[in-house]
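Student: here's a sequence, model it:
(chains A, B, C and D)
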Protein chains: 2
Amino acid sequence: MTRTSTRATSTTDPGALDTLFGALADPTRRQLVERLLTKGPTTATVLAETTPLTRQAILKHLQVLEAAGLLDHERTGREVRYGVTPQPLAAAVGWILDTAGLWDKRIDRLRRLAT
Amino acid sequence: MTRTSTRATSTTDPGALDTLFGALADPTRRQLVERLLTKGPTTATVLAETTPLTRQAILKHLQVLEAAGLLDHERTGREVRYGVTPQPLAAAVGWILDTAGLWDKRIDRLRRLAT
DNA sequence: CCTTTGTGCAACTAAGTAGTTGCAGATGAT
DNA sequence: ATCATCTGCAACTACTTAGTTGCACAAAGG
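Tutor: Purely as a prediction, here's the structure:
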């Protein structure tokens, strides 16, 4: 939906990194991202079927991921299908490479390649 | 579950990524890492002087960062000096690039360059 | 010795988060 | 129209985390 292509690296505001890293700090959420990437977009109900968690719990995780900009949803009929928009990951890599670049110049070289 | 990649990327246990991303999710902690990298290792007391936070609060953040493997401390006399060990950042970048690589082949190319 | 400075630990509060249950509103099928 | 199914929201519990204060212990220096 939002096609706002955020400039990846240093121009990101801190709060975005908070929610982004925060979203990635949970193993369930990382698994959700991986699964949505490998098996394609699905609904929260389908995702909940293969976990011990409730649909509502999964939905909350999806909303956290979406707030971090990692997901978006599309409604078809009564189903709501969530899919990954991995662009914000570039911001995370941007900060990491920027920071690590202060330490290691090789990584700094890599950062320039990434942008 | 995840594809067992060769290097320290996917071979890292999930809990490590939890604490790692969790440590990076806080702006104060990211600032601490940046500051320790740019201005070199220091003590918690010194770090606390330039923030509105207490020394104890700073110390807790340092311990969180150290638990994530991003810091280590060295004792000289009665001072304890904290410094950055940015290697774990590679694990974070590893997961991100592995994951984003499932979606974007360009990033996957970059991943191979990084290892 | 005594004083000063830096560190470490414990208790406590306030706020956020993961998870649940329960129910109400849409939508599709019969 | 009716029934089954999927979604969305609210309330509630349990746990974790960020921050504080207060105090006790270790090391330098007079």
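Student: what sits against the closest residue to residue A:102 other than its chain neighbours?
Tutor: Spatial nearest neighbour of residue A:102, excluding adjacent residues (Cβ to Cβ, 6 or more residues apart in numbering or on different chains): residue B:37 at 4.3 Å. Where C-beta positions appear, they are placed from N, C-alpha and C, glycine not excepted. When contacts are counted by Cβ atoms under 8 Å, 6 or more residues apart in numbering or on different chains, residue B:37 touches A:99, A:102, A:103, B:84, B:86.
Student: so which of the residues you listed belong to helices?
Tutor: Counted as lying in helices by DSSP state H, out of the contacts of residue B:37, are residue A:99.
Student: kindly reformat the contacts of residue B:37 as CSV containing distance to residue A:45, neighbour count and pLDDT.
Tutor: Formatted as CSV, those follow (distance: Cβ to Cβ, whole Å; neighbours: other Cβ atoms under 10 Å in any protein chain shown; pLDDT from 0 to 100):
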residue, distance to residue A:45, neighbour count, pLDDT
A:99, 39, 21, 88
A:102, 45, 16, 78
A:103, 45, 18, 77
B:84, 44, 23, 95
B:86, 41, 20, 89
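Student: give me the phi and psi for the most centrally placed residue in chain A.
Tutor: Nearest residue to the geometric centre of chain A (Cα atoms, centre = their mean): residue A:70, 3.0 Å. The phi and psi torsions at residue A:70 (degrees, to the nearest 10) take the values phi -90, psi -20.
Student: what about the residue in chain A that DNA strand C sits nearest to, how many neighbours?
Tutor: Nearest to DNA strand C, among the residues of chain A, is residue A:77, at 2.6 Å (Cβ to the nearest atom of the strand). If you count neighbours by other Cβ atoms under 10 Å in any protein chain shown, residue A:77 ends up with 5.
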